[in-house]
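Enquirer: for reference, the sequence and a predicted model appear below.
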Amino acid sequence: MNLTKTKKATKLFAIIFAASLLAGACSNNQSTDSDDTSGQTETPTDDSTTESKTSEKVTLTLLAYDSFTPSPNIFDDFTAQTGINVEISLGGDAGELVTKAGLTSGNPEADVLWGVDNTLLSRATSKNIFTPYATKNLADLDESARKLVPNNEATPVDTGDVCINYDVNWFKQRNLAPPLTLRALTSSNYANLLVVPSPVSSSPGLAFMLATIAEFGQDGWDEYWKSLKQNGTLIVSDWTTAYYTEFSGSSGKGDRPIVVSYGSSPPAEMIFANPRPATAPTAVAALTCFRQVEFAGILRGTKHEREAQLLIDYLTDIKFQEDLPLTLFVYPANTKANLPEDFVKYSLRPESPLQLDPDLISNNLLFWLDEFTNIVLR
Amino acid sequence: MTTIYNRSQAIYWLAIAPIVAIVIFVIAPVFNIFVSSLQFESLNLLRTEAIRNVVWFTTWQSLVSTAFTLVIALPLAFVTANFKFKAQRLTTSLISLPFILPSIVVGVAFLQILPNNFHRTAFALILAHTYFNFGFTSRLITARWLQIHPHLDDAARTLGASPFKLFITLTMPLLSKAITNAALIVFTLCFTSYGVVRVLGGPSRSTLETEIYFRAMQLGDVSGAMLLSALQIVIIVSLFFVTTRASRNKFKQSTKPTISRQKSLQTRKQKVIAATIISIATLFAIVPVLAIAFKSINTNSRFTTTAWRTVFTSPEITQSITKTLIYAVIAMSLATLLGLLSACSVAYSNNNFHFISGLTTLPIVISAVSLGLGIIITFDTQPFDWRGAQFMLPLAHALVALPLAMRVILPVLQAIPDSLRQASSVLGASPRQTWLNIDFKIIRRAAISAAAISATVSIGEFGASSFLARRGAETLPIMISRLLSRPGDSLQSQAFALATLLAIFSLIVIFVIDSFANTKSARDSHA
């Protein structure tokens, strides 16, 4: 009797053990291509019509921030031309992406990274995240943006401005002048009206903090934030919450009429409104804008470097670039791309946006964020 | 301890696997953290106000959480230790439920039951910590209380002590060590709390653990993170020494008195008090869990199964569920195996191998977050670039579970009288047969419990995972935190559905293996 029980118990252990070994074996088999499994299910069947350049079908993983929303079938052309599938993987905010890419530098989680901006660029290059590549479209790209990456560590893909946006009707109804400068925001007229995404976790938030440093200098910006805080500024974790939940001028039910958003937010409000209002419901304070340049890069250590280069070419080519204004609400980096009429009509392109030297940013960013956290968040 | 296995060389071989695993994957990363953080001039960080604030907040919220926990646990222990009542076993298990829930599930639960303006407050954190700890604190105290012989109380009463005086002069002094001990454990758990704080705390409500994550993974300040991690390790090691020092001169392991002190409820007053305390505690234990389940089927105050349907159809999420389960099985087997090996090597050797006992405690002492950070910064160069290796996550889970697994098995192994083995050996059994027929049979149940605990640890593991989980291989806790960080009601509901699933998984693992162990023991006792 005792014997049978011992046998049973041994059997149980043997089963558990075997199961675990099996599971281990399975997961090891998957290890090389587990990232691709979901991509493979949607493999298009048109490879017979095109000459595929690679013997095996390659799926590239394009890592991007959460708000990366190009047109749904925008990569079909790329797949048709090259036989390469593209799987988009969203990974949080731009800052988080770059940090994680830094920790996995040389052994990346994806092949191409979309969305490093000029505020994060130096962090990315100092961690040696990217393999340099000069795209064939390089000559067509915005010159000032190109200057930020002299060695082609990454490729500029779009530009935009982070600006103070306000709810036009809210100010009209109260016969109040909207704030036009950063300094105005500390006035008691605008007490408890501003909502800002946190620079710590959000890239427009970071751009706005840098705008205040560009405007008030390294000695004056902390005083400015103290007054903003005293004036009842609300800090939220991300742009989506700030713009869609707390801001009154957009679709949300928020009660704050001033928000940090993009220079291209007003056209978005017009173009997607149904029916379209006679005048734009929101507007931009041009003197508060900070220029953002976004880059895409090939992650060092990718197993598909050649294919990744083709993808960078595609991302900077006319078709993809012309898709950007109405999907991501940014300006194409490719100067040959045509802009939609509505976009030009309603968006604001400041002539001399606030800017900071990327090296100054990289040397001081952590210090500034610590300082900001101390002043505003604690 | 001297056993008949002492002379066998095999003991030395037993110890190798756990030692190698811990040296490579725990000690080396921690060593790396200390060395690298001391090299940076960022030691200045220690002097900044931000860091002092974090340390201060971590400390005071732990103190308050501990106090709250005791306030709830003591009355509860009073009732469960002194009275018999209906459904006692059921309520005891229900009250123990919070402690086995993954920490991220606890965080998610309080996100749901607290109104919005309580989110990201110290109060939310403290309440969640109280919830997490009160059940097991009460059990610890009850266990000690049950050891106090009822005749002691009777004697005091005969000598004229009032119930109050009896409590102050007799019960409290006898319980005080159990209470201090429990309080120290709760304090350490709150001090190193991570999942709950990630979900409920905001930027201004950061503990050392979440600050390590925040610096390393969001700010990109890896050196700052390492420094904090080193600081955290130093603090926990000191706490740990205090705790073990306190429990070492503990009461002698007196067995339960033959007469139970649990009496049935007699007076009306007793009934009312007991019923109130028990029902409050039970409600407190189950309402948050029910709230998660409720939220998962309720989006925008409408009932819908959309979230659940997405959970079972979205390839991203189903993949995450399979990964979680596969990792749990691997981690469970590894942790149980390593736990068995290290327990055996400690139990069978003369004192040479006692250091293994300390070695296997390390993963708890250095905290899962530091372990994850240490691994990701240590194994980053070829040929040891294991950041993307599939085995890394289950291995880390196994290491986090190892201290618990080993401690479940060791006491049982040590309690086996060597005379049993000697008898077996005298009757002609080889050491191997003796081990299979005596030791293995006796520790079998403990091994199964160890496996169950390891599996639940792996399923809910969040600290190390938040550093090591790779895109496309996220476990459920990581998935939940990612869904929560994205705006939108439907994504939030999916997070709640996954949290429900995670709670169910933990319950099933505990329940199935627990009942298996119980029926076995029932049959054993009949044999």
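Expert: Okay, I see it.

Enquirer: spit out the contact partners of the spatially closest residue to A:Ala101 that is not a sequence neighbour.
Expert: Excluding its sequence neighbours, the residue lying closest to A:Ala101 (Cβ to Cβ, 6 or more residues apart in numbering or on different chains) is A:Ile129, at 4.7 Å. (C-beta placed from N, C-alpha, C; glycine too.) A:Ile129 is in contact with A:98, A:101-102, A:105, A:108, A:113, A:297, A:299-300, counting by Cβ atoms under 8 Å, 6 or more residues apart in numbering or on different chains.

Enquirer: secondary structure element for B:Ala281?
Expert: Per DSSP states H and E, B:Ala281 falls inside helix B:268-296.

Enquirer: make a markdown table from the contacts of A:Ile129 and add pLDDT and secondary structure to it.
Expert: Output for the contacts of A:Ile129, formatted as a markdown table (pLDDT from 0 to 100; DSSP: H, G, I helix; E, B strand; the rest coil):
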| residue | pLDDT | secondary structure |
| --- | --- | --- |
| A:Val98 | 89 | helix |
| A:Ala101 | 90 | helix |
| A:Gly102 | 88 | helix |
| A:Ser105 | 88 | coil |
| A:Pro108 | 92 | coil |
| A:Leu113 | 96 | strand |
| A:Gly297 | 96 | strand |
| A:Leu299 | 96 | strand |
| A:Arg300 | 95 | coil |
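
Enquirer: now the strands for the chain?
Expert: In the absence of a named chain, this looks at chain A. With DSSP state E as the criterion, chain A has strands at A:58-64, A:84-90, A:112-117, A:130-131, A:155-167, A:194-197, A:234-236, A:258-262, A:282-299, A:331-332.

Enquirer: that's the other chain; I wanted chain B
Expert: B:83-84, B:263-264, B:298-299, B:302-303.

Enquirer: contact residues of the stretch 101-250 of chain A facing chain B?
Expert: Residues of the stretch 101-250 of chain A that fall close to chain B, judged by Cβ under 8 Å from any Cβ of the partner chain: A:102-107, A:109-110, A:123, A:127, A:198, A:200-201, A:237-238, A:240-241, A:244-245.

Enquirer: so how many other residues sit close to residue 207?
Expert: Looking at chain A here, since you left the chain open. Look at A:Ala207: counted by other Cβ atoms under 10 Å in any protein chain shown, it has 26 neighbours.

Enquirer: switch to chain B, please.
Expert: Neighbour tally, B:Thr207, other Cβ under 10 Å: 25.

Enquirer: how close does it sit to B:Ala368?
Expert: Note on B:Thr207: its distance to B:Ala368, by Cβ to Cβ, to the nearest Å, is 14 Å.

Enquirer: what do you get for A:Arg349?
Expert: 49 Å.

Enquirer: those two - which one has more neighbours?
Expert: Comparing A:Arg349 with B:Ala368 by other Cβ under 10 Å, the one with more neighbours is B:Ala368, at 25 against 16.

Enquirer: residues touching A:Asn152, list them.
Expert: A:132-135, A:138.

Enquirer: are any of those residues buried, and which?
Expert: Taking 16 or more other Cβ atoms under 10 Å in any protein chain shown as the criterion, what is buried in these is A:133, A:135.

Enquirer: quick one: mean pLDDT for stretch A:273-288?
Expert: In this model, stretch A:273-288 carries a mean pLDDT of 85.

Enquirer: residue of chain B closest to chain A, please.
Expert: Closest residue of chain B to chain A, Cβ to the nearest Cβ: B:Ser333 (3.6 Å).

Enquirer: neighbours of that residue, how many?
Expert: Other residues lying near B:Ser333 total 24 when counted by other Cβ under 10 Å.

Enquirer: if I look at it, how far off is A:Thr233?
Expert: When B:Ser333 is compared with A:Thr233 (using Cβ to Cβ), they lie 53 Å apart.

Enquirer: what's the answer for B:Arg139, then?
Expert: According to Cβ to Cβ, B:Arg139 stands 48 Å off from A:Thr233.

Enquirer: between the two, who's got more neighbours?
Expert: A:Thr233 (22 against 18).

Enquirer: list the contacts for the closest residue to that one other than its chain neighbours?
Expert: In this structure, A:Thr233 finds its nearest non-sequential neighbour in A:Leu194, 4.7 Å apart by Cβ to Cβ, 6+ apart. Contact analysis of A:Leu194 by Cβ under 8 Å, 6+ apart lists A:185, A:228, A:231-234, A:256, A:258-260.

Enquirer: out of the residues you listed, which end up buried?
Expert: A:185, A:228, A:231, A:233-234, A:256, A:258-260.

Enquirer: pLDDT value on the residue lying closest to A:Ala333 once chain neighbours are set aside, please?
Expert: Nearest residue to A:Ala333 in three dimensions, chain neighbours excluded: A:Pro156, at 4.3 Å (Cβ to Cβ, 6+ apart). Listed pLDDT for A:Pro156 reads 97.

Enquirer: surely A:Pro156 and A:Pro150 touch.
Expert: No: counting by Cβ atoms under 8 Å, A:Pro156 does not reach A:Pro150; the two are 11.8 Å apart.

Enquirer: ok, these two, which is more surrounded?
Expert: A:Pro156 (27 against 7).

Enquirer: which residues are in contact with the more buried one?
Expert: A:141-142, A:145-146, A:148-149, A:293-295, A:333.

Enquirer: so A:Glu215 sits against A:Ala184, correct?
Expert: No: the pair A:Glu215 and A:Ala184 fails to qualify as a contact (Cβ under 8 Å) at a distance of 11.7 Å.

Enquirer: and the buried ones among the residues of the stretch 101-250 of chain A next to chain B, selectable in PyMOL?
Expert: A single PyMOL command is used to select the members of those judged buried by 16+ other Cβ under 10 Å:
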select buried, chain A and resi 102+103+104+105+107+109+110+123+127+198+200+201+237+238+240+241+244+245
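
Enquirer: count the neighbours of A:Thr212 for me.
Expert: A:Thr212: 22 neighbours (other Cβ under 10 Å).
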